[in-house]
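# after the sequence you'll find the predicted model.
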Amino acid sequence: MTDAPKQIYWDSCAWIGLLCSEQDKITALRSIWEDAKAGKYEIWTSVYAYLEVIHSKAPYGEAYPPESDDKKVEDILSQEFVIRVQIDVSVARLAKKLKRDLHHKGLKKRSDAIHLATALYYNSEELHTWDASDLLQFDNQLKCKNGNNLKIIIPAADKMHVPLFAQMHLPKMPRIDDKK
């Protein structure tokens, strides 16, 4: 009997880091991606990521061309090991409560409240982010629906299962700023 995959949650900065091959993120994200392909992880995310990833800026500050990059975003988010969840009434209410209760402690962005609420509601073991100003400070301070504390971390390549210099195979994952 094999172990169930570890349920992790990626906020939008993780998706942008992967799609844009951001230097400070790509090694860890590709390592997790390969482990997810191998069944070690399920990567959960809110469908809100579709809006945030398209709304973000490319590495050189240019806006993403929305229609030409929709397929790239769709391809990466539609992998079988990526679990996309809706923002339903329960998640929205939890996000509103978190935003209200934690605003004075640094949870300033509504989008981060949505990602945090989704990870908590669906019992993620870890939330992976690079958002130090809003999310990282709440590491191990908030309880998931199942009563477990949520780990909120910046994933590090040296903590992942794939060797740092292993060849990564990322089919259907062109950089979002690549021209067709």
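Sure, I can see it.

# pLDDT score for Glu74?
For Glu74, the pLDDT comes out at 88.

# the one 10 residues further on now?
Per-residue pLDDT puts Arg84 at 97.

# now it. Its backbone dihedrals?
phi -100, psi 130 (degrees, to the nearest 10).

# for it, give me its contacts.
Trp44, Thr45, Ser46, Val47, Ala49, Leu77, Ser78 (Cβ atoms under 8 Å, 6 or more residues apart in numbering). C-betas here are computed from N, CA, C, even on glycine.

# nearest to Ile16, of the residues you listed?
Closest approach between those and Ile16, by Cβ to Cβ: Ala49, at 9.1 Å.

# my read: that closest one touches Leu77, true?
Yes - the pair Ala49 and Leu77 passes the contact test of Cβ atoms under 8 Å, sitting 6.8 Å apart.

# got any residues that touch both of the two?
Listed contacts common to Ala49 and Leu77 are Trp15, Arg84; contacts here mean Cβ under 8 Å, 6+ apart.

# between those two, which one's more packed in?
Neighbours per residue (other Cβ atoms under 10 Å) separate Ala49 from Leu77, with Ala49 holding more: 25 against 19.

# any stretches of the protein with poor pLDDT?
For the chain, the stretches with pLDDT under 70 are 1-2, 54-68, 157-180.

# in it, mark out all the helices, start to finish.
Assigned by DSSP state H, the helices in the chain fall at 12-19, 26-37, 48-55, 66-77, 89-102, 110-121.

# could you redo these as CSV and give each row distance to Asp139?
Output for the helices of the chain, formatted as CSV (distance: least, Cβ to Cβ, whole Å):
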stretch, distance to Asp139
helix 12-19, 16
helix 26-37, 16
helix 48-55, 21
helix 66-77, 25
helix 89-102, 13
helix 110-121, 11
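
# relative to Asn148, which of the ones you listed is closest?
Among these, the nearest to Asn148 by Cβ to Cβ is helix 110-121 (9.8 Å).

# tell me the buried residues in the closest one?
Using 16 or more other Cβ atoms under 10 Å as the test for burial, helix 110-121 gives Ser111, Asp112, Ala113, Ile114, His115, Leu116, Ala117, Thr118, Ala119, Leu120, Tyr121.

# then stretch 12-25?
Counting neighbours by 16+ other Cβ under 10 Å, the buried set in stretch 12-25 is Ser12, Cys13, Ala14, Trp15, Ile16, Gly17, Leu18, Leu19, Cys20, Ser21, Glu22, Lys25.
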